[in-house]
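>>> Let me see the structure of the following:
(4 chains)
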Number of protein chains: 4
Amino acid sequence: MTIRAGVVGAAGFAGIELVRLLLAHPDITLAAATSDALAGRPLAEAYPAFRGATDLTFSHHDQADLAGCDVVFLAVPHTAALAQAPVLIERGVTVIDLSADFRLKDPAAYEAWYKVPHTAPDLLARAAFGLPELTGDELARAAADHAAGRAVLVACAGCYPTATSLAAAPAIRAGLVDAAAPVVADAVSGVTGAGKKATERTHFCFAEDNLEAYGVGTHRHTPEIEQILGIPGRLVFTPHLAPLNRGLLSTVTLPLAPGARPSTDDLVALYRDFYADAALVEVLDAGSMPRTASVAGTCRAHIGVAAHPTVPAIVAVGAIDNLGKGAAGQAVQCANIVLGLPENAGLGAVAQPV
Amino acid sequence: MTIRAGVVGAAGFAGIELVRLLLAHPDITLAAATSDALAGRPLAEAYPAFRGATDLTFSHHDQADLAGCDVVFLAVPHTAALAQAPVLIERGVTVIDLSADFRLKDPAAYEAWYKVPHTAPDLLARAAFGLPELTGDELARAAADHAAGRAVLVACAGCYPTATSLAAAPAIRAGLVDAAAPVVADAVSGVTGAGKKATERTHFCFAEDNLEAYGVGTHRHTPEIEQILGIPGRLVFTPHLAPLNRGLLSTVTLPLAPGARPSTDDLVALYRDFYADAALVEVLDAGSMPRTASVAGTCRAHIGVAAHPTVPAIVAVGAIDNLGKGAAGQAVQCANIVLGLPENAGLGAVAQPV
Amino acid sequence: MTIRAGVVGAAGFAGIELVRLLLAHPDITLAAATSDALAGRPLAEAYPAFRGATDLTFSHHDQADLAGCDVVFLAVPHTAALAQAPVLIERGVTVIDLSADFRLKDPAAYEAWYKVPHTAPDLLARAAFGLPELTGDELARAAADHAAGRAVLVACAGCYPTATSLAAAPAIRAGLVDAAAPVVADAVSGVTGAGKKATERTHFCFAEDNLEAYGVGTHRHTPEIEQILGIPGRLVFTPHLAPLNRGLLSTVTLPLAPGARPSTDDLVALYRDFYADAALVEVLDAGSMPRTASVAGTCRAHIGVAAHPTVPAIVAVGAIDNLGKGAAGQAVQCANIVLGLPENAGLGAVAQPV
Amino acid sequence: MTIRAGVVGAAGFAGIELVRLLLAHPDITLAAATSDALAGRPLAEAYPAFRGATDLTFSHHDQADLAGCDVVFLAVPHTAALAQAPVLIERGVTVIDLSADFRLKDPAAYEAWYKVPHTAPDLLARAAFGLPELTGDELARAAADHAAGRAVLVACAGCYPTATSLAAAPAIRAGLVDAAAPVVADAVSGVTGAGKKATERTHFCFAEDNLEAYGVGTHRHTPEIEQILGIPGRLVFTPHLAPLNRGLLSTVTLPLAPGARPSTDDLVALYRDFYADAALVEVLDAGSMPRTASVAGTCRAHIGVAAHPTVPAIVAVGAIDNLGKGAAGQAVQCANIVLGLPENAGLGAVAQPV
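Here you go, the predicted structure:
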């Protein structure tokens, strides 16, 4: 029996990528795609790539429709999920939330960083954090609950946290990293990460051939990364915008713990062991570093790791597609796990060889 | 029973796209991918996007291996197919040729444009031309032959001819176009069309943010387009290079036959009727013109057509992916037809919503 | 004595390019740069490239300030120049207008294409059309008037008309083109041509890696090109948008007059003779076609021309920077001429070798 | 009296940018531009942007010609300058070297990083390091020598060292940085930084829409940055390649010295004081971070600096054009200083507002 899914906020960049993935999913049927702005218009009108591929029409954001779904993806701005997730859960619908509303375990941290009260702390306490390679236990519990007929909520990791944490976690969890020193993550996102809204920043003539840093020390993904990696107050995270359509690269410098002095080969072996069961993470050979183009359009992460030859530090680099493994792809991966499917069901395609 | 396919010249841009499509094809198994330059190396080494997706290794171009295939795709430069196709056909292997060697029906035209003798005129006489929406009869005969156990050769149309002919053919075949006046096709290709070889022309710093015309009146696709459309000596074809990775747009201006004065709505209706059975061609609504981004990564063609408001002429625009419907995708489509599969088997995916 | 200039609408793309050119002009001082939206803010705040180069602040659009100028450039939307030019002229200020308001000699044509009444037909009758290589007489008269103390109005040609007309005019004026046949111009503009306003069309994620046709048969530059070239009702003009920041290429196909059969060498010689005195137009060698990157950031036009080998037609290609020779650069060139300076004063720089 | 300059290696990206700058320089005349590969061909043939701007022809690399120059710029690969600089100096010609051959003060470091012996250690001992804002004393001495009729050698800083050091030096020299902790510099270069040679890496189809790290811990600019900043063995430098034509951004994370806790405003004030006399460095306002597009085509550097809100660290970001302030522009700036001209002579232009 096929699984029925809905996407709320389907006209945004993450939402429409969810639509694309779900239309091709072997086990899930896309039952509803909502957009308040485009309700009533065929998807293929706003996104002509869908001509000939689907007759689906954007529907109003109307939870009655969504109640017939087994799973609903929320691709909405923060605070919108705070309002919608509890209602869906109440109706017995499992929710995969792509917003930031249920990511930070501590409601006070949410309030400090997002400047709004957290109105659903009980649900927050029960939410599973969705970064499958690092939070498998939480997702396994969610899968068990869902199998037992209880609606669950998965709060998917953000794009920067995904690439950064996948690159850093194996070294940190192995105890190789100095617990007293700062971790530096310089990460670069493509322009889809800035959203579909047309602004000066996303204008072709300002974004093309330009690279810039922004939000130094103030980006809201900072506490999320610190939470995932267990490095509270130790992260220097600087995001950048680059002229990529889709793609995100995070370069993480991790000072070594006293006494630790692994070789690059040791690190590659450690990382490969760590990700041995991960269908969507590839650890590159020693001496290779990832390219965002190789993962664009996919849900894969490519990780490169090196021991610095002179400074006692590890440099780990993670490449993902910010809309793929960084958003829609990871949401589908989380849904797969909760639904009892292989984690990479519908996510195995190579998007572009070049 | 699954169908076994081989790709010769799999490391080039068209070849590796064939690999990508065949790996995901529901009815075809990729048995061999050859590259003389990269033989012995895993595909995923040269093209890291395949990491985790295939363990295939490039093999030497050795026809003994290919003889076990039901169908072999030749993604080789012209003259190479002249040498290889007859040997494969002799061994009973159906060949889908992406080169120019068997496209021009008249060997003298081949010799005039390619400056080499045509060494296989008998095979040329039997080759089917592969542009399925326009040469369905030839492909149907090839399919019947293949079904009867006879190896066949399909000469797939080139990229510019595909987009240009799909845009122009319905009007010409309906007799709307002045048989005495020139047809003007200004077409623009992405840089993958210039091949994988690194040259000054394909250097990022020369290709980015640049548009240029080239080969005015001398491009080898000229006689091919004239042959498909039946307009010998009447085509003014000017190709251009644009900073696109994948994508090709051909804008064709067709002077109206005396007395003909169709409206844009008439033309859209005519085109939709013409392509009613074509699974991979979309005719856009009156007033819309195609975007290459909407077909990039796919085997679809988007066609827009308009009656000029003042000059008695039709403007028809075709958008394709030069590596998709313009090369590898069309080759798979031709193979599907010859093999008795739905023409769009393995070709239906939406590559990117944005 | 230095000449004082003002720019109205200085925050738009053409306006800020005017600012850039005038700041570096050896004979002109930029006295005022207006922007209603940014009035009071330093230029360098909105456009950080000006940091360290100017302390100028955007001023309110207040004609009192501009009255102290010897020349005012209007980089405003159509209808705005209709309102402002007469007031400035009345005050004795020479006006270089980049808008479309005074380009079409026939007010009825203006009203038909722009859907508003022309409220200054008397001024229109006296306006010089600013495409110096083709309207030298009009500009010479304007220069004489200005020298005699009479304020003059120059209506600068649009971007598409400039590239298209420079490519086509020598052949047409030499009587080589069939007066009964359509002229086809397929032209491609960079995204700055779509303006600074952030829209879905100018969004990096929709514009990058995309090429599209638009406004087939309906673009407002059509009557302007027909007027310049003297080919009323004979132009099929199809504009396209390409992922260039700055740059515009127009490929023009001109059917030959009966009996005319020039060689490419003949045409190159003819064109070089035609542009012998033009400091800013380069006619390329036979066999070469222009690249937009070679003229980006400059006021130069590069023209390539070829006789078609089989069809009796000329293919002429013009490349300009849509903001340079297509807007701000040409406006400065027109101002130079009216002010009695060398036409290329301040316009000779090579912007980028690569 | 005008100064005569020659450029050796004028056909490469840095060389041709030198040509562009020197052709527009008010006080320097470009007397010779050499390219062994293109000798005898007009510059404007290989680089059509120069059509109409210069009739210069590439000459053979023949030091007899260069001996008539007052100053020669060497835009050659490393080891080539080792051979050529001593000969020119011997002949009394001042040399501005853009290669790496005379940058590292310690010949043993050169040999360790470049794997060749340093054959001119005496000249190395006398070379001035060319990063004017940080090595003003060395350049002042060179200027005095040159004024006294002694030929001098300036070894211009590399592109990554320039951006990184300009961003980091004020904080380090003020004693704000922990002398025991690593400094992390993640820097991103445009593709011109990879040179004019066409390779798979510089192929448009591999470089566009791609970001990648490379040379982790092994890039040859590492010892150069450590030398400039006085942080031997403490730099973790990770270079990246981005789809920019020209542009380089270096994001430097500097751990604070014990007890130091400056605010962002303190840092901006410190940096502005440090660069108060620097004509080509702009320190942005608190809260702003630089964009590479704003300095592309110029010799300017834009610096942003921030105190991290939670971790005791400074984040400083430097943006330059890798061919401008990172190569040719800086070479001209060094030449200006040595020749007794204002440091920004010929370097003040705003290249592009957008």
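>>> Can you pull up the residues of chain A that come close to chain B?
Counting by C-beta under 8 Å from any C-beta of the partner chain, chain A comes close to chain B at A:13, A:16-17, A:19-20, A:23-24, A:47-53, A:192, A:208-209, A:245-246, A:279-280, A:282, A:284, A:288, A:290-291, A:293-295, A:297-298, A:300, A:302, A:348-354. Placement of C-beta: from N, CA and C, glycine included.
>>> contacting residues around the closest residue to chain B within the stretch 51-200 of chain A?
Relative to chain B, the nearest point of the stretch 51-200 of chain A is A:R51 (4.5 Å; C-beta to the nearest C-beta). The neighbours of A:R51, taking C-beta atoms under 8 Å, 6 or more residues apart in numbering or on different chains as the test, are A:44, B:282, B:284, B:294, B:300, B:302.
>>> picking up where we left off before, separate out the buried members of the residues of chain A next to chain B.
A:13, A:16-17, A:19-20, A:23-24, A:47-53, A:192, A:208-209, A:245-246, A:279-280, A:282, A:284, A:288, A:290-291, A:293-295, A:297-298, A:300, A:302, A:348-354 (16 or more other C-beta atoms under 10 Å in any protein chain shown).
>>> buried sites along stretch A:71-82?
A:71-76, A:78-82.
>>> Now intersect those residues with the strands, please.
Secondary structure from DSSP state E places A:71-74 of the buried residues of stretch A:71-82 in strands.
>>> Adding distance to chain C and pLDDT, write the residues you listed out as TSV.
Shown next, in TSV, are those (distance: C-beta to the nearest C-beta, whole Å; pLDDT from 0 to 100):
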residue	distance to chain C	pLDDT
A:V71	27	98
A:V72	26	97
A:F73	21	98
A:L74	22	98
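>>> could you redo these as CSV and give each row distance to chain D?
Shown next, in CSV, are these (distance: C-beta to the nearest C-beta, whole Å):
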residue, distance to chain D
A:V71, 32
A:V72, 32
A:F73, 26
A:L74, 28
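>>> which one of those is nearest A:Q330?
A:F73 (11.0 Å; C-beta to C-beta).
>>> shouldn't the closest one be in contact with A:V338?
No - using C-beta atoms under 8 Å, A:F73 is not in contact with A:V338; the gap is 11.6 Å.
>>> between the two, what contacts are shared?
Any residue near both A:F73 and A:V338 by C-beta under 8 Å, 6+ apart counts here, and that gives A:I96.
>>> Model confidence for the residue of the stretch 51-200 of chain A closest to chain B, exactly?
Looking at A:R51, its pLDDT is 96.
>>> same question, A:Y275
At A:Y275, the predicted lDDT confidence score is 98.
>>> What distance do you get for it to A:A260?
Distance from A:Y275 to A:A260, counting by C-beta to C-beta, to the nearest Å: 20 Å.
>>> again, but for A:A81
Distance from A:A81 to A:A260, by C-beta to C-beta: 40 Å.
>>> What of A:I89?
Using C-beta to C-beta, we find A:I89 at a distance of 44 Å from A:A260.
>>> So which of these two has more stuff around it?
More neighbours surround A:I89 than the other of A:I89 and A:A260, with 20 against 17 (other C-beta atoms under 10 Å in any protein chain shown).
>>> Residue in the stretch 251-354 of chain A with the shortest distance to chain D?
Going by C-beta to the nearest C-beta, chain D is nearest to A:A293 of the stretch 251-354 of chain A, at 3.7 Å.
>>> Could you list which residues are in contact with that residue?
Neighbour list for A:A293: A:247, A:352, A:354, B:49, D:206, D:209-210 [criterion: C-beta under 8 Å, 6+ apart].
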